Structures are given as structure tokens and as C-alpha cells.
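Student: Sequence and predicted structure are below.
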Number of protein chains: 2
Amino acid sequence: MTNSGGAGKRERLIAAACQMVHQQGVEKTTLADIAQAAGVPLGNVYYYFKTKNDIVRAIVETYLDEARAMLAAIEGGHAAPRDRLKAMFGSLSRDSERIARYGCPTGSLCGELDKRADGPGAAAELMRVPVDWAARQFTAMGRPDAEDLALEVIARYEGTALLANTFRDPDLMARETARVDRWLDAM
Amino acid sequence: MTNSGGAGKRERLIAAACQMVHQQGVEKTTLADIAQAAGVPLGNVYYYFKTKNDIVRAIVETYLDEARAMLAAIEGGHAAPRDRLKAMFGSLSRDSERIARYGCPTGSLCGELDKRADGPGAAAELMRVPVDWAARQFTAMGRPDAEDLALEVIARYEGTALLANTFRDPDLMARETARVDRWLDAM
DNA sequence: GTCTATAGCCAGATAGAC
DNA sequence: GTCTATCTGGCTATAGAC
């Protein structure tokens, strides 16, 4: 209704920002990069976002929505907590090429936000989503140490993504996924 | 002998660069930051390093030396591979305040180098050191899957550091260290 | 709402006196 | 070898016509 002339221009800008920032990082991505990738003239970006930081915030919001949607889809597709955790971790292997090339979008973004002024708040909010979700699954499995298990499984996820990216080796993800599957089966 | 006037100025610059880059990241650290932290005038920096990238390379070299020295010290202090691995992982807890505030120096540097042009080579070389070392310890324990175990333990190390930094919670490191200790004892 | 042109700033890098 | 002053380029952000 409002934004009649926009025709999803704001959405295109956010999508372009997510892609460019994933590939190049926050600091090395310029507004000109984002504008060009979205097919929008540079000056027009400021009609939709007052500052570059506003775009970063929009990226975090998008990742929050995507993470919640993905975890909800997993819950819908798997009834057993153990299977849900496997499905969550397995998303590493599905995207292995992209992660080996550019890292985990959430993990590398959090790493960058930690060095920024606004940093900790938004990054922590973003990382809380999968950790809390995993903790609920372990609780449903009757584990009293659910919170520690959740931190361990997400740490393995992010750590594996970092190593796969550093070594440019997509295969690492499949190998660690197999190990996590066996670990979950044994508990 | 050469560099008689230097009086360790180059070393001061590298030390300052390591500290500033750990705290602020590569992209947000300016040569002026480094020069000021080292007590050296900006223009003089270029007598020791032709470009900013040369300074980054010097940081990687320093981290390589430090990592090798630290692992050698652990080998000297512990005969059993299991104890060596525990000591390596335990270094997370010892530095927990700094890591919760600024992240793992190696991990966050690798994350940033992955987005740079020269990136993958230097970062991979740096991360190879602890992975190969851990693999040797697991091999000495008679484990045929030593390489996968090494990747897992370093992934947990780096992943835990990222989470502790994101949540600004030093306590995570001690909790994960305790879990890793039990895991190593059970194998 | 859209887009061009440009202001203003700051970082990396250099020139050249000492 | 050391240091001041400055150049150059690129990036965020704004002004203002349409």
C-alpha cells in the first residue's frame, strides 16, 4: 500500500546486502556494491536506509527471520528432538560449497559485529536463536545439561564452518556432520 | 647489527599491530592506530613495512611463531598426549576474559583473512599448526581417525571462542573445557 | 520517489627536508 | 634512519533538480 513506487526495491537492497556482506564482509562491502548488485542508483539507497549501519541492522533482522523459519520448518518435518538436531546440523553439509567459500553467514557476521560499536547486542540476539532452540531439543530428550549440550553443538557447527572456510574444504562439513550424528545417536 | 638505529622499533610496531588488530580487527585498525600504540610517527611506519598488507603478514608470522612455541612448551610439560590435548584446550580458560572480549586471535584473524585478496593461503597455514599438532597427539593415542578428531577438537575450540565472544561470557570457555576433558578421558 | 552530482572525510601511501 | 606535510583515492552521506 505505502511505498507504491518501491516495487520491492527495499527488499532487493536487503537481499543484495545479505549476499555481498556474506561474500565480502561488512567492512569491505560498500554501499555502491550493494546498490549495483540490487540494480539501484547509489543515491537512492539513502531513501530506504539512513546509514550503512541501518542496512547492517536490516541484515541481522533478515537472518533472524530466516533462522526462525528454518528451525520451525525442521520442527515441522521431524518429531523427534534427536532427528531435529541432526537436521539442523546437517544444513552445514547441504550448503557446504558456499560455506567453504564464504563461511557461515551468521558466524562470520557475528565475528564482524563483535568489532563494531553497536556490535554485541545484535550479534548475541542472532546467535541466541539456534542455541536456545538446540537447548529446547536437548531438554525434550531429558538431558539436564541441555544448555551446555546446546552450546557444544552450536560451537561445533560454527567452528567447523570456520575451519572449512579457512581450508577451503567443503568436505570437512560432511565429516563432522557424520561425527555429530553418531554422537547424538549414542546419547 | 643492521638496523642499528631501530632499537626494536620494528618489533614494537608488530606487537602494537597484533594488539590493535586483535581488539579492533584488521579493517578497522588504521596505520595511525598502530603507529600511535607503538609510539612511532606515522610516516616512519613505511620505512619498516611497504604496505598495510605487509604488516598483516608480519602478524601472521608472529602468530605462527607463538603457536609453535606454545605447543612445544606443552609437549615439554606433558608427556601423555591426552594431557597435552587438555593443556592445549585449557588455554581457552586461562585467557577467557580477553577471548570473551575480543575473540580468539587466530580464529578472528582467519575469519578476516578469508575475506581478503591474499587471504586463504596465510590463514590456512596458520590454522594448520594446531590441527596438525592435535592430529599427532591423537595418532600417538593410537586413534586411526586422528585427523577427524583433531578437526573436531579445534572446531570446538574456535566455535566456543566465537560464542563466548558473541555472548561476552568468559564462563562458556571453562564449561566447554570441562566437557572436553571428560570426552578425552573417556576415549 | 528517483537519480545525478558532489561535498566532506579519512585512510593508505609518498615526498622530501633533516 | 627519522619525521612532517601532503597527495590521492575511495567511501559515506547530502543537496537538490526532476
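Tutor: Thanks, I have it. Numbering: from 1, shown residues only, chains lettered A, B, ... in the order given.

Student: Could you tell me how many residues sit around the residue in chain A positioned nearest to DNA strand C?
Tutor: Relative to DNA strand C, the nearest point of chain A is A:Gly43 (2.1 Å; Cβ to the nearest atom of the strand). C-beta here means a position set from N, CA and C on the backbone, and glycine is covered the same way. A:Gly43 has 9 neighbours, counted by other Cβ atoms under 10 Å in any protein chain shown.

Student: what about it, which SS state?
Tutor: What DSSP: H, G, I helix; E, B strand; the rest coil gives for A:Gly43 is helix.

Student: before we move on, which element is the residue nearest to the spatial centre of chain A in?
Tutor: In chain A, the residue lying closest to the centroid (Cα atoms, centre = their mean) is A:Thr106, at 3.1 Å. Here A:Thr106 sits within helix A:105-113, counting by DSSP states H and E.

Student: do the same with A:Ile55
Tutor: Using DSSP H and E, A:Ile55 falls in helix A:52-77.

Student: That helix vs DNA strand D: in contact?
Tutor: Yes. Helix A:52-77 reaches DNA strand D (Cβ under 7 Å from any atom of the strand) through A:Lys52, A:Asn53.

Student: what's that helix packed up against?
Tutor: Applying 3 or more Cβ pairs under 8 Å, 6 or more residues apart in numbering or on different chains; DSSP states H and E, we find helix A:52-77 packed against helix A:9-24, helix A:31-38, helix A:81-94, helix A:105-113, helix A:119-140.

Student: which ones are touching A:Thr160?
Tutor: By Cβ atoms under 8 Å, 6 or more residues apart in numbering or on different chains, A:Thr160 lies in contact with A:Leu92, A:Leu172, A:Met173, A:Glu176, B:Leu151, B:Ala155, B:Gly159.

Student: one more time with 10 Å, if that's ok
Tutor: Residues near A:Thr160 by Cβ atoms under 10 Å, 6 or more residues apart in numbering or on different chains: A:89, A:92, A:99, A:104, A:107, A:172-173, A:175-177, A:179-180, B:151-152, B:154-156, B:158-159.

Student: what packs against the helix or strand harbouring A:Trp183?
Tutor: Using DSSP H and E, A:Trp183 sits within helix A:171-185. Packing partners of helix A:171-185 (3 or more Cβ pairs under 10 Å, 6 or more residues apart in numbering or on different chains; DSSP states H and E): helix A:81-94, helix A:96-102, helix A:146-167, helix B:146-167.

Student: Make a markdown table out of those and add mean pLDDT and distance to A:Ile14.
Tutor: Shown next, in a markdown table, are the helices and strands packed on helix A:171-185 (pLDDT from 0 to 100; distance: least, Cβ to Cβ, whole Å):
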| stretch | mean pLDDT | distance to A:Ile14 |
| --- | --- | --- |
| helix A:81-94 | 96 | 22 |
| helix A:96-102 | 98 | 18 |
| helix A:146-167 | 98 | 23 |
| helix B:146-167 | 98 | 22 |
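
Student: List just the one of the ones you listed that sits closest to DNA strand D.
Tutor: The nearest among those, by Cβ to the nearest atom of the strand, is helix A:96-102 at 18.7 Å.

Student: Dump the closest one to PDB, keeping only the CA atoms.
Tutor: What follows is helix A:96-102, C-alpha atoms only, in PDB (Å, rounded to 0.1, in the frame of the first residue of the first chain):
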ATOM      1  CA  SER A  96      29.000 -26.900   2.100                       C
ATOM      2  CA  GLU A  97      30.300 -25.300  -1.100                       C
ATOM      3  CA  ARG A  98      29.100 -21.800  -0.200                       C
ATOM      4  CA  ILE A  99      30.200 -22.100   3.400                       C
ATOM      5  CA  ALA A 100      33.700 -23.400   2.400                       C
ATOM      6  CA  ARG A 101      34.000 -20.400   0.100                       C
ATOM      7  CA  TYR A 102      32.400 -17.600   2.300                       C
END
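
Student: And it, what's buried?
Tutor: Judged by neighbour count using 16 or more other Cβ atoms under 10 Å in any protein chain shown, the buried positions of helix A:96-102 are A:Ser96, A:Ile99, A:Ala100, A:Tyr102.

Student: contacting residues around the residue of chain A closest to DNA strand C?
Tutor: Taking Cβ under 10 Å, 6+ apart as the test, what A:Gly43 contacts is A:Leu31, A:Ala35.

Student: Could you tell me how far it is located from A:Arg12?
Tutor: 16 Å (Cβ to Cβ, to the nearest Å).

Student: Isn't A:Ser93 up against A:Tyr157?
Tutor: No. Between A:Ser93 and A:Tyr157 there is no contact under Cβ atoms under 10 Å: 11.1 Å.

Student: joint contacts of the two?
Tutor: By Cβ under 10 Å, 6+ apart, A:Ser93 and A:Tyr157 have these common neighbours: A:Met173, A:Glu176, A:Thr177.

Student: Just put the residues you listed in TSV and tack on neighbour count, distance to DNA strand C and pLDDT.
Tutor: Shown next, in TSV, are the shared contacts of A:Ser93 and A:Tyr157 (neighbours: other Cβ atoms under 10 Å in any protein chain shown; distance: Cβ to the nearest atom of the strand, whole Å; pLDDT from 0 to 100):
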residue	neighbour count	distance to DNA strand C	pLDDT
A:Met173	26	34	97
A:Glu176	24	36	98
A:Thr177	21	39	98
